[in-house]
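Visitor: Next come a sequence and a model predicted from it.
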Amino acid sequence: MRRQEKEITDRAEQEEVLRSAAVLSLALRGPNAPYVVPVCFGLDGEVLYVHSALAGTKIDLLNADHVVGFCACADVSVTTRAEACSSGASGRSVVGTGRARVVQDEQERLRGLDAIMRHYRGDSSEKPVYSPASLSRTAVIAIRIDTLHGKSV
């Protein structure tokens, strides 16, 4: 990182950025260009969980290559000014890489969905209830985090 004073090196603080972010941008290797898609997600230890339809571009690309990249931003604020190139932004972000797989184990699928629900509903002690119809058409993707870098501006 060019400006090391902006770097977030503490893993707990990096994870806090992830917990504060509303959306994760997931980058996959496409045949002709990178494919980036915004996804809802949850963090459980060293694993990010993402839900998906059972079929589609995201699943096809993951089946072809399990190496992914991701980015999440939190607390973003943009300040605009009349003078060109004098506007600025503040906030926190993390970028990382990982290895993704479609979860087959039913218990882990539920753990992943629970992590996603906790991310958006808070740490509610109320256990989410999933309809069998929803579960039957939902894939859960686990992303083991390999690298994680943070920045605060």
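Guide: Received the coordinates, thanks. Residues are numbered from 1 along each chain as shown.
Visitor: contacts for the helix ranked longest in the chain?
Guide: In the chain, with assignment by DSSP state H, the single longest helix is helix 106-121. With C-beta atoms under 8 Å, 6 or more residues apart in numbering as the test, helix 106-121 has contacts from 19, 40-44, 47, 49-51, 103, 124, 127-128, 130, 135, 138, 140-142. C-beta coordinates here come from the backbone N, C-alpha and C atoms, glycine included.
Visitor: now do 10 Å
Guide: By C-beta atoms under 10 Å, 6 or more residues apart in numbering, the list of residues contacting helix 106-121 from outside reads 18-22, 24, 39-45, 47-51, 102-103, 105, 124, 126-130, 134-135, 138-142.
Visitor: Now the buried members of these.
Guide: Buried subset of those (neighbour count, 16 or more other C-beta atoms under 10 Å): 18, 21, 24, 39, 41-44, 47-51, 102-103, 139-142.
Visitor: Not counting sequence-adjacent ones, nearest residue to the residue nearest the centre of the chain?
Guide: The centre of the chain sits closest to Leu24, judged by C-alpha atoms, centre = their mean, with a distance of 3.5 Å. Excluding the flanking residues, the one nearest Leu24 by C-beta to C-beta, 6 or more residues apart in numbering is Phe41, at 4.3 Å.
Visitor: which residues does the one you found bridge with?
Guide: Following DSSP bridges, Phe41 is listed with bridge partners Val50.
Visitor: check contacts around it.
Guide: Counting by C-beta under 10 Å, 6+ apart, the residues that Phe41 touches are 18, 21-24, 26, 48-51, 70, 72, 112, 115-116, 119-120, 141, 143.
Visitor: thinking again about what came up before, surely the residue nearest to the centre of the chain touches Pro38?
Guide: Yes. Shown here, Leu24 and Pro38 form a contact pair, counting by C-beta atoms under 10 Å, at 7.2 Å.
Visitor: that older thread, any buried residues in the longest helix of the chain, and which?
Guide: Buried-residue list, helix 106-121, by 16+ other C-beta under 10 Å: 109-119.
Visitor: got the CA coordinates for that helix in CSV?
Guide: What follows is helix 106-121, C-alpha atoms only, in CSV (Å, rounded to 0.1, in the frame of the first residue of the first chain):
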residue,chain,number,x,y,z
GLU,A,106,-26.8,-29.4,4.9
GLN,A,107,-25.6,-28.4,8.4
GLU,A,108,-22.9,-26.1,6.9
ARG,A,109,-25.5,-24.7,4.5
LEU,A,110,-27.7,-23.7,7.4
ARG,A,111,-24.7,-22.3,9.3
GLY,A,112,-23.8,-20.2,6.3
LEU,A,113,-27.4,-18.9,5.9
ASP,A,114,-27.5,-18.1,9.6
ALA,A,115,-24.3,-16.1,9.2
ILE,A,116,-25.9,-14.1,6.4
MET,A,117,-29.0,-13.5,8.5
ARG,A,118,-27.0,-12.4,11.5
HIS,A,119,-25.1,-9.9,9.3
TYR,A,120,-28.4,-8.2,8.2
ARG,A,121,-30.6,-8.8,11.2
